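J.: Fold the following.
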Amino acid sequence: MTTILIIEDETAIRELISELLSIEDFNVVEAMNGKEGVAIAQSVFIDLIICDVMMPELDGYGVLAALQENPKTATIPFIFLTAKGTKQDIRYGMNLGADDYLIKPFTNDELLDAINVRLKKQGIVYQQYLNKLDQTKEQLNHFFNHDPLTNLPNQLSLRDSFEKIIVAHEANPTPSLLLTGEPNPTFALIILSFERFSRVNDYLGYEGGNYVLKEAAERIRQVVGSQGIINRLNSNEFVILFNPLSPENSLGSTRSLQEHITPFAKNLLQAFLDPFIIEAQEIVCPIILGIAFYATHGKTLEQLLQCAIKAKESIKHQGGNLYQVYHPSLVKTSPHNALSIERDLRHALENDEFVVYYQPQINAKTRQIVGAEALIRWQHPQEGRIPPYVFIPVAEESGLIQDIGEWVLHKACEQLKHWTQLGLPSIRVAINLSARQFKQANLAHWLSQLLKAQAIEPGQIELELTESIVVDNITCSIEQLTQLKNLGVHVAMDDFGTGYSSLSYLQQFPFDILKIDQCFVRNIHQNAKNAAITKAIIEMAHQLNLRVVAEGVETIEELNFVKDNNCDEIQGYFFSPPIPAEALTQLLQTPDPFVF
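T.: I've put the predicted structure just below:
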């Protein structure tokens with residue numbers, strides 16, 4: 001739907017135009033003065049602007065001049081409304097960049113004709129640009145939904161597949177004969193995990209590890225066939241959605257579904273008993289399977305994934321080539337169950353068990369450290385190091401992420417202040433914001449007070465957000481992001497390429513930085529399709545005046561590729577893993593810590 005912004009200080013005229021355009025099926029946004037109109041145009045995607053000339057504070061000429069200075073808003077078609085339509089006034093406005101003038105009073109037809117003419121001309125310009133990018137967008141959409149290594153559907157496609165199965169089931173449900181009152185099990189979600197896969201990478205290198213993963217994906221395809229849908233979940237895990245039982249095969253019981261799953265699981269395990277042959281060497285990769293049933297164990301994808309993970313975790317220390325169906329009693333035997341983690345998390349802050357590590361970000365041209373990502377680590381007094389992927393979801397679900405996130409921000413500011421006192425070069429520190437933190441009503445004010453108390457320049461702070469957080473409520477997200485930007489901090493979209501429809505959202509949200517997810521960078525010199533995608537991402541980001549950071553750079557080939565294609569900054573193990581603050585201090589004190 002076409003969105004039109006009306007900037008008019010006279011309420012009666014503004015509402016009259018708004019009502020007319022709404023009847024014509026336009027999406028209408030209203031601004032009561034020039035300053036408000038400029039702010040809206042710079043934060044929301046607008047197709048056309050209708051603006052009064054004579055307004056207090058900032059008149060129409062001032063509005064147009066401000067929009068012309070910003071590349072994001074300079075091309076928006078602009079129509080003036082005025083009661084003084086002298087040739088001199090019209091010439092002045094057209095010289096500023098206005099597309100048309102309407103002299104009050106005007107008829108409804110005159111207004112609609114002016115709008116349609118401008119939109120038609122702008123559509124020709126848009127179409128030329130879109131035609132050029134159509135092929136690239138098609139490639140992007142495919143690769144945003146598929147794992148580049150195995151060409152299997154990725155996490156985003158997993159959600160789509162799950163929802164399609166649910167819709168199909170609701171349209172034609174299998175009969176339920178359960179007498180226990182439990183939900184009718186319909187289909188299974190299976191997590192296939194390669195345990196100790198890091199040893200394969202250590203022994204064969206990443207190229208050898210990738211070869212094994214591609215061969216493993218092919219073995220999984222051969223076993224699954226038409227019985228389910230395979231998705232790559234992460235570096236060493238796959239998810240299989242085992243097809244719902246047909247009505248003639250379904251007895252409406254967990255036992256019936258498990259009777260079908262058991263031989264299937266055994267066939268999967270059998271497929272990985274044979275070693276992989278690479279460079280005349282035999283590599284054995286045992287797997288374990290965690291299984292959960294819809295709707296017995298959950299009705300959402302997240303619930304089923306959690307149950308399948310718990311089932312898998314319960315047998316991971318028993319050796320490979322095993323499978324386990326989820327049961328609530330497994331939570332008691334899991335080494336990291338949510339209840340114990342939540343209990344211990346509540347004391348971790350007060351017991352000083354957390355520490356912040358920093359991973360350097362390097363300017364691709366100057367080779368200097370210009371930033372660092374702050375990453376929290378938890379050293380449990382009994383369990384030892386607990387991975388973030390284990391405790392962060394529990395912290396988010398329990399609400400403890402709010403206090404933990406604020407602690408990380410405090411520590412980052414204290415560290416920045418310490419580096420300043422040492423006379424070290426000024427760098428940015430990037431901090432990940434959780435959804436709960438981002439939705440905090442007073443976030444900008446709270447952060448402003450923190451920065452003042454620590455005497456930290458706002459430009460030294462970079463807030464990283466995933467796309468799933470900001471698309472939850474677009475209007476509120478734009479308002480929150482605008483407040484943070486007005487404060488002076490930088491805002492980055494993290495894990496670009498793993499979200500929903502990142503290309504369209506980049507134009508709406510006021511981001512400064514785009515971080516390319518490491519799945520696109522890994523082995524990019526050997527993957528022509530990923531190379532094309534990454535080049536397109538960098539080019540389009542620069543067209544939107546965004547700085548680009550490549551994550552997960554681990555080899556000289558990956559480094560050379562992103563550097564040669566004008567990526568602004570680089571982050572990854574090629575330079576440094578996440579390190580304690582003391583180690584980063586030493587790097588900042590070194591004149592040329594990295595040579596490439």
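
J.: and stretch 117-124, which residues are buried?
T.: Residues 118, 119, 122 are the ones in stretch 117-124 that count as buried (16 or more other CB atoms under 10 Å). Placement of C-beta: from N, CA and C, glycine included.

J.: Confirm that residue 361 sits in a helix.
T.: No: using DSSP: H, G, I helix; E, B strand; the rest coil, the assignment for residue 361 is strand, not a helix.

J.: how many other residues sit next to it?
T.: As a burial measure, residue 361 scores 27 neighbours (other CB atoms under 10 Å).

J.: How about it: what's its closest non-neighbour residue?
T.: Closest residue to residue 361 apart from its sequence neighbours, by CB to CB, 6 or more residues apart in numbering: residue 371 at 3.8 Å.

J.: quick one, what contacts the one you found?
T.: Shown in contact with residue 371 (CB atoms under 8 Å, 6 or more residues apart in numbering): 360, 361, 427, 428, 429, 430, 462, 569.

J.: repeat for residue 308
T.: Counted by CB under 8 Å, 6+ apart, residue 308 has contacts 189, 190, 191, 239, 290, 291, 292, 326.

J.: Pull out the CA atoms of the helix or strand encompassing it and give them to me as PDB.
T.: Per DSSP states H and E, residue 308 falls inside helix 301-313. Extracted C-alpha coordinates of helix 301-313, given in PDB (Å, rounded to 0.1, in the frame of the first residue of the first chain):
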ATOM      1  CA  LEU A 301       8.400 -25.000  17.500                       C
ATOM      2  CA  GLU A 302      10.300 -23.600  20.500                       C
ATOM      3  CA  GLN A 303       8.700 -26.000  22.900                       C
ATOM      4  CA  LEU A 304       9.500 -29.000  20.700                       C
ATOM      5  CA  LEU A 305      13.000 -27.900  20.100                       C
ATOM      6  CA  GLN A 306      13.600 -27.500  23.900                       C
ATOM      7  CA  CYS A 307      12.200 -30.900  24.500                       C
ATOM      8  CA  ALA A 308      14.200 -32.600  21.800                       C
ATOM      9  CA  ILE A 309      17.400 -30.800  23.100                       C
ATOM     10  CA  LYS A 310      16.700 -32.000  26.600                       C
ATOM     11  CA  ALA A 311      16.200 -35.600  25.300                       C
ATOM     12  CA  LYS A 312      19.500 -35.300  23.400                       C
ATOM     13  CA  GLU A 313      21.400 -33.800  26.400                       C
END
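
J.: For it, what is the distance to the chain centroid?
T.: The chain centroid and the centroid of helix 301-313 are separated by 22 Å under CA atoms, centre = their mean, to the nearest Å.

J.: can you give me the mean pLDDT across it?
T.: Mean per-residue pLDDT for helix 301-313: 91.

J.: Please state the offset of the helix or strand just after it from the chain centre?
T.: Next helix or strand after helix 301-313 toward the C-terminus (DSSP H and E): strand 322-325. On the basis of CA atoms, centre = their mean, strand 322-325 is displaced by 32 Å from the centre of the chain it belongs to.

J.: What segments of the stretch 1-150 of the chain are helices?
T.: Using DSSP state H, counting those that start in this stretch, the helices of the stretch 1-150 of the chain run over residues 11-23, 34-43, 60-68, 87-96, 108-144.

J.: now swap in the stretch 351-500 of the chain and tell me
T.: Using DSSP H, counting those that start in this stretch, helices in the stretch 351-500 of the chain cover 388-398, 401-421, 435-438, 443-454, 467-470, 474-487.

J.: of all the ones you listed, which lies closest to residue 32?
T.: helix 474-487 (16.4 Å; CB to CB).

J.: Next, the buried residues of that closest one.
T.: 477, 478, 480, 481, 482, 484, 485, 487.

J.: how much does it deviate in direction from helix 443-454?
T.: Per axes from the mean of the first three to the mean of the last three CA atoms, to 10 degrees, the angle that helix 474-487 makes with helix 443-454 is 20 degrees.

J.: residues in contact with helix 474-487?
T.: Looking at helix 474-487 with CB under 8 Å, 6+ apart, the contacting residues turn out to be 39, 43-44, 438-439, 443-444, 447-448, 451, 458, 463, 469-471, 491, 508-512.

J.: ok so, going back, which one of the contacts of residue 308 is nearest to residue 224?
T.: Closest to residue 224, out of all of the contacts of residue 308 and judged by CB to CB, is residue 190, at 9.4 Å.

J.: three-state assignment of that closest one?
T.: Residue 190 - assigned by three-state DSSP - is strand.

J.: does it really touch residue 262, like I thought?
T.: No: at 11.8 Å, residue 190 does not count as touching residue 262 under the criterion of CB atoms under 8 Å.

J.: Looking at these two, which is more packed in?
T.: Neighbours per residue, other CB under 10 Å: of residue 190 and residue 262, the larger number sits with residue 190, 26 against 13.

J.: mind listing what the more buried one touches?
T.: Contacts of residue 190 by CB under 8 Å, 6+ apart are 228, 239, 240, 241, 242, 261, 265, 268, 289, 290, 291, 308.

J.: Which of the residues you listed fall in strands?
T.: 228, 239, 240, 241, 242, 289, 290, 291 (DSSP state E).

J.: any idea how far residue 208 is from the nearest residue to residue 235 once chain neighbours are set aside?
T.: Once flanking residues are discounted, residue 235 sits nearest to residue 197: 7.4 Å by CB to CB, 6+ apart. Note on residue 197: its distance to residue 208, by CB to CB, to the nearest Å, is 11 Å.

J.: now residue 352
T.: Distance of residue 352 to residue 208, given as CB to CB: 41 Å.

J.: If you count surrounding residues, which of these two has more?
T.: Between residue 352 and residue 208, counting by other CB under 10 Å, residue 208 is the more crowded of the two (18 against 8).

J.: now that one, what's its secondary structure?
T.: The three-state label given to residue 208 by three-state DSSP is helix.

J.: Which residue lies closest in space to it, excluding its sequence neighbours?
T.: Per CB to CB, 6+ apart, closest to residue 208 is residue 278, 5.7 Å.

J.: same check, this time on residue 36
T.: residue 7 (7.7 Å).

J.: Run a quick neighbour tally on the one you found.
T.: Counted by other CB under 10 Å, the residues lying close to residue 7 total 27.

J.: can you check the one 5 residues further on too?
T.: The burial count assigned to residue 12 is 8, neighbours taken as other CB under 10 Å.

J.: Mind picking out the helix or strand in the chain with the poorest mean pLDDT?
T.: When each helix and strand of the chain is scored by mean pLDDT, DSSP states H and E, helix 330-333 comes last, with a mean of 52.

J.: The helix or strand following that helix versus helix 301-313: what angle between them?
T.: Scanning forward in sequence from helix 330-333 by DSSP H and E, the next helix or strand is helix 338-348. Angle between the axes of helix 338-348 and helix 301-313 is 90 degrees (criterion: the same axes, to 10 degrees).

J.: Quick one: list the elements packing against helix 338-348.
T.: In terms of contacts (3 or more CB pairs under 8 Å, 6 or more residues apart in numbering; DSSP states H and E), helix 338-348 is packed against strand 369-380, helix 388-398.

J.: packing partners for the last one?
T.: Contact partners of helix 388-398 among helices and strands, from 3+ CB pairs under 8 Å, 6+ apart: helix 338-348, strand 369-380, helix 401-421.

J.: Now do the end-to-end distance for stretch 34-54.
T.: Across stretch 34-54, the terminal residues are separated by 10 Å (CA to CA, to the nearest Å).

J.: contacting residues around the nearest residue to residue 217 once chain neighbours are set aside?
T.: Spatial nearest neighbour of residue 217, chain neighbours left out: residue 150 (3.9 Å); criterion: CB to CB, 6+ apart. Contacts of residue 150 were listed using CB under 8 Å, 6+ apart, and they are 213, 214, 217, 232.

J.: what two of those have the greatest distance between them?
T.: Among the contacts of residue 150, 214 and 232 lie farthest apart (CB to CB), at 10.7 Å.
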